[in-house]
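[1] let's see this in three dimensions:
(one chain, ligands or ions: 1)
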Amino acid sequence: MKKLLILGAGTAGTMMLNKLAHELDAAEWHLTIVDQYETHYYQPGFLFIPFGMYTRRDVVKPKRDFFPPGTDVVMGAIDRIEPEAHRVLLADGRVLSYDILIVATGAKIRPDQTEGLRGVLWHKRIFDFYTIEGACALADFFKRWEGGRLVINVAEMPIKCPVAPLEFAFLADWYFTERGIRDKVDIHYVTPLPGAFTKPKASSILGDTLDKKNIRLTPEFSIGRVDEERPAIVAWDETEIEFDCLVTIPTNMGDEAIERSGMGDELNFIPTDKQTLRSLAHEDVFVIGDATNLPSSKAGSVAHFQADILTDNILAAIEGRPLTAAFDGHANCFIESGFGKGILIDFNYDTEPLPGKFPLPGIGPFSLLEETQMNHYGKIMFRWMYWNFLLKGVELPIEANMSMAGKRW
Ligand SMILES: Cc1cc2nc3c(=O)[nH]c(=O)nc-3n(C[C@H](O)[C@H](O)[C@H](O)COP(=O)(O)OP(=O)(O)OC[C@H]3O[C@@H](n4cnc5c(N)ncnc54)[C@H](O)[C@@H]3O)c2cc1C
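    Numbering: from 1, shown residues only. Next up, the predicted model:
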């Protein structure tokens, strides 16, 4: 019996498990998935928690609900991969060997990487919304807050869901307007990027949206530390921005197990072939989702497109065929813009977000690079799609690689 081992049962690992369980002969292949936690979090839902739109209950389900029958489920922390010995060591001493390994250990925030971020003000005046704990603590804080300087700061790129901090700013504008205290809240978006977003065309549209909502934008700000006394964020060039409440998107990094395995770059992301999704260093190791070092967005939608490509390539590798399926960096992101509206962007490694209709050319119902109510419904529907289709590896009528149909350029 051959062994296929998946590390990480988040979005990408669970999708791959379901797809491969469907494709591989159970008499030939033993499928194992490893994770340290029993609970699956719908991370896109963390965005809505600080604004009282979702609670913890809306974003959690047991991981095991999504594993196909016959899967060997191993709960435990991964200590390290030994790629030369084709085995994985768990922290409790268990050893798992493999013929094929899929690494899907994701990315996580590392506030410890910035001096003063995780100090005395943590979860008192400084919050994240990239963890369930941070999002819930911020919800409690916002309920009682009477206003002041709200600074939203991206520490460095890449981050998971690069549009999420912008969505947070747009929703903050809506939330404080609804509470009748918008005039008492000065919202300031501070980013290391030269503009609001990574892609120039979308950046200009999203920058205009910030402007329209009276949200200040400070680009090219590289945080060096937090001055807890003032309090203020301080850039490497000593520029300071004072805050009453700081919402930070700290440095995102791959898991420490990747570092211990000697398989990561300086942020613990694994060098991966941008088309085949095979590890650049090891033939029998494949990487998917946020754990890769690819220049695509770190997003669930991206992991979903990658899963189609990777399934084809793993089947090819097993059958000794060349890996011909090629991922093009396709990302599709709904950007919640507040007041019941949203913006949709669709792009890949080479093509910037373009205007048009999605997914049906000329019909939509979603509009690209435009703020519409329908796009907001798309964002809200995504959670249902995630639990019922995406995680279960169900085929969707959307191509893995980006289509130009319906786009204007
Ligand atoms: C606030 C927020 C908003 C977002 N919004 C969107 C959105 O609107 N649209 C979108 O497409 N994406 C969005 N995302 C991004 C999306 O959630 C991630 O890109 C996606 O979950 C990545 O999947 P993954 O499987 O690579 O990683 P994850 O889903 O994070 O899974 C990694 C798994 O590996 C396990 N693991 C890691 N290390 C170890 C170890 N040492 N031992 C054992 N287990 C380990 C973890 O426990 C986890 O279960 C958002 C993310 C956040 C935080």
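
[2] pick out the residue of this protein closest to the ligand.
    Nearest residue of the chain to the ligand: Gly10, at 1.8 Å (C-beta to the nearest ligand atom). (Glycine included, C-beta is placed from N, CA and C.)

[3] how near is that residue to Pro158?
    From Gly10 over to Pro158 the distance is 17 Å, taken as C-beta to C-beta, to the nearest Å.

[4] tell me which of the two has more neighbours.
    Neighbour count, other C-beta atoms under 10 Å: between Gly10 and Pro158, Gly10 has more, with 23 against 18.

[5] just give the closest residue to the more buried one, not the sequence neighbours.
    Gly106 (5.1 Å; C-beta to C-beta, 6 or more residues apart in numbering).

[6] ok, now which ones touch that neighbour?
    Applying C-beta atoms under 8 Å, 6 or more residues apart in numbering, we find Gly106 in contact with Gly8, Gly10, Thr11, Ala12, Gly254, Asp255, Gly289, Asp290, Ala291.

[7] for the residue of the chain closest to the ligand, give me its contacts.
    Taking C-beta under 8 Å, 6+ apart as the criterion, Gly10 is in contact with Asp35, His40, Ala104, Gly106, Gly289.

[8] how far away is the residue nearest to Gly10 from Gly378?
    Gly106 is 24 Å from Gly378, by C-beta to C-beta.

[9] with Glu84 instead?
    45 Å.

[10] the more surrounded of those two?
    Taking other C-beta under 10 Å, Glu84 and Gly378 do not tie; Gly378 has more neighbours (21 against 7).

[11] you'd agree that one is up against Phe334?
    Yes: using C-beta atoms under 8 Å, Gly378 makes contact with Phe334 at a distance of 5.0 Å.

[12] ok, then the element right after the longest helix along the chain?
    Assignment by DSSP state H gives helix 300-318 as the longest helix of the chain. The helix or strand immediately downstream of helix 300-318 is strand 331-338, counting by DSSP states H and E.

[13] could you list the paired strands of that following strand along with their orientation?
    Note on strand 331-338: by DSSP bridges, its sheet partners are strand 341-347 (antiparallel).

[14] ok, then the element right after the partner strand?
    Downstream of strand 341-347, the next assigned helix or strand under DSSP H and E is strand 356-360.

[15] need the contact partners of that next one.
    332, 344, 346, 363-369, 397-398, 406-408.

[16] repeat that for stretch 264-278.
    103, 107, 158, 251-256, 258-259, 263, 279-281, 285-288, 291-296, 306, 309-310, 313, 317, 323, 325-329, 349.

[17] which of those are buried?
    103, 107, 158, 251-256, 258-259, 263, 279, 285-288, 291-294, 296, 306, 309-310, 313, 317, 323, 325, 327-329 (16 or more other C-beta atoms under 10 Å).

[18] which helix or strand contains Leu138?
    helix 132-144.

[19] so what's the residue count around the nearest residue to Gly119 once chain neighbours are set aside?
    Closest residue in space to Gly119, ignoring its immediate chain neighbours: Glu228 at 5.4 Å, by C-beta to C-beta, 6+ apart. Neighbours of Glu228 under the rule other C-beta under 10 Å: 16.

[20] cool, and the one 3 residues further on?
    A total of 20 residues lie near Pro231 under the criterion other C-beta under 10 Å.

[21] which residues touch it?
    Counting by C-beta under 8 Å, 6+ apart, Pro231 makes contact with Leu121, Arg125, Ile126, Glu242, Phe243, Leu246.

[22] go again using 7 Å as the cut-off
    Leu121, Arg125, Phe243 (C-beta atoms under 7 Å, 6 or more residues apart in numbering).

[23] with Asn153 instead?
    Val190, Ile223, Ile233, Leu246, Thr248, Ile249.
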